[in-house]
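Q: Structure for this input, please:
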Amino acid sequence: MSSWLFTQILLAIGAGLLLNLTPCVLPAVPLKVRAVLNATGDRLKVRIASAALFTAGSVLFFAALGTATALLQWQWGVLFQSRALLIVLGTVLTAFAAMNFLGRGLPVPNAVATLRGGKFLEPFFSGLISALLSTPCTGPLLGGVLVFALAQPTAHIVALFVSIGLGLALPYVVLLLRPGLLKRLPHAGAWTEAIRQSFGWLLLAAALFYLQSVLPASWVAPLWTALFAGVLAWAAYRFWRAADRGSRAVALFVSVIALASAYAGAGPEKSPGHRIAWQPLRAADVSALPTLGRPAIVEFTAQWCINCKVLEKTTYQDSTVVRAVARSGVVAFQADLTHPDPVLEHLLASYGGVGLPFLAVLDREGHKVQSFSGLFTSASLVKALKAVGPQEDLE
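A: Predicted coordinates for the structure are as follows:
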């Protein structure tokens, strides 16, 4: 193994580890916490088996994804363009939510249950689903690792993808193999039951987030409204019935998070002068980009990309970014990759993009002068806009 490949493998492990800190893997948090809590108090041998199976689920998924990427030239996140996968994923997340509400484990056949299959199947399945949930978006280090990987032989691509899976599973493995860390978890009680049920609402929200790409548009807003109403009703009931402060604190915290999320997702619309005037970029418009005679930015986004939605509610709504776009005369385009579009996917690849979110900054001739992958700050985007726009106007 060359030293350069070894370095990239280490970076891939780091990229997988850092994926745990991105908003995209938020739906996987309840699965990981559930797996950790289920193993608390078990013997070391059982915890090792649980950690190994969780890691095996993560590695198996990424090994398969790496193989498909090498053989089919897939881009990161392409799986989520499949309606069938979104439906299956939404169904699985809804099933896990029901398990959380009912306090049940993963249902397994009797023959498997007698071999303690229920104990060990759930960590494996949780690792598999957690790995899948990490792939709609890119995170720190991941973009560079993927760019390097796609130029390598099949075996190297698979090795790098497996390394990402190892990094993603690493925090779970550490928690299980260090009993001292598990012993620091507070003793179970009524408040932990409230937390477990609250994770069910998070899983339901994740299911709806992914299913909204395949549901009729007229259903989406009412379903989100019903979900938030359900969360608030549950929080009010838990607060009223709780006999301990911990459960009340959990109910209050969940209600605040639900209200803040609802406001962020459906808050008052900003006036045209205080937001970026995005134009949809369609396949037929791509050939006109070099003839605009003005600098441009192209955001590649999708309905199933959580990190994309975070950027659109934060960085792209920052007043300094909005002013910089307006003063520099930049034309802002959005390329929607919710569904397969070979032309837009080729454009993303031509800019060096390997996944979402991705933003390309173009000069007046349509040449890419800078790009941003994953989450990034308003200041970095303003600096890039200054480089392509009239300097005197941006001071």
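
Q: Would you map the strands across the protein?
A: Secondary structure of the chain (DSSP state E): strands at 279-280, 296-301, 331-336, 358-362, 368-373.

Q: Give me the residues contacting the last one.
A: This points to strand 368-373. Residues outside strand 368-373 that contact it (CB atoms under 8 Å, 6 or more residues apart in numbering) are 138, 142-143, 351-355, 357-363, 380-381, 384, 387-388. Just so you know, the C-beta spots here come from the backbone N, C-alpha and C atoms, and that holds for glycine as well.

Q: that older thread, wait, which of the strands of the chain is closest to Gly230?
A: Of all these, it is strand 296-301 that lies closest to Gly230, at 28.2 Å by CB to CB.

Q: what residues are up against Phe124?
A: Phe124 touches Leu53, Phe54, Ala56, Gly57, counting by CB under 8 Å, 6+ apart.

Q: tell me the domain ranges of this structure?
A: 3-183, 195-267, 272-394 (automatic domain parsing).

Q: got those domains as CSV, with mean pLDDT columns?
A: Output for the domains of the chain, formatted as CSV (pLDDT from 0 to 100):
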stretch, mean pLDDT
domain 3-183, 81
domain 195-267, 90
domain 272-394, 91
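
Q: so what's the nearest residue to His339 once chain neighbours are set aside up against?
A: Counting by CB to CB, 6 or more residues apart in numbering, His339 lies nearest to Gln81, which is 5.8 Å off, once chain neighbours are set aside. Going by CB under 8 Å, 6+ apart, Gln81 touches Ala302, Leu337, Thr338, His339, Pro340.

Q: What count of nearby residues applies to the residue nearest to Val250 when sequence neighbours are not counted?
A: Of all residues not flanking Val250 in the chain, Ala194 sits nearest, at 4.1 Å (CB to CB, 6+ apart). By the measure other CB atoms under 10 Å, the count of residues near Ala194 is 23.

Q: Tell me the spacing between Ala194 and Arg43.
A: From Ala194 over to Arg43 the distance is 29 Å, taken as CB to CB, to the nearest Å.

Q: among the contacts of Phe124, which are in helices?
A: By the criterion of DSSP state H, membership of the contacts of Phe124 in helices covers Leu53, Phe54, Ala56, Gly57.

Q: can I get these in CSV with neighbour count and distance to Leu11?
A: Below are these laid out as CSV (neighbours: other CB atoms under 10 Å; distance: CB to CB, whole Å):
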residue, neighbour count, distance to Leu11
Leu53, 21, 26
Phe54, 30, 22
Ala56, 16, 23
Gly57, 24, 23
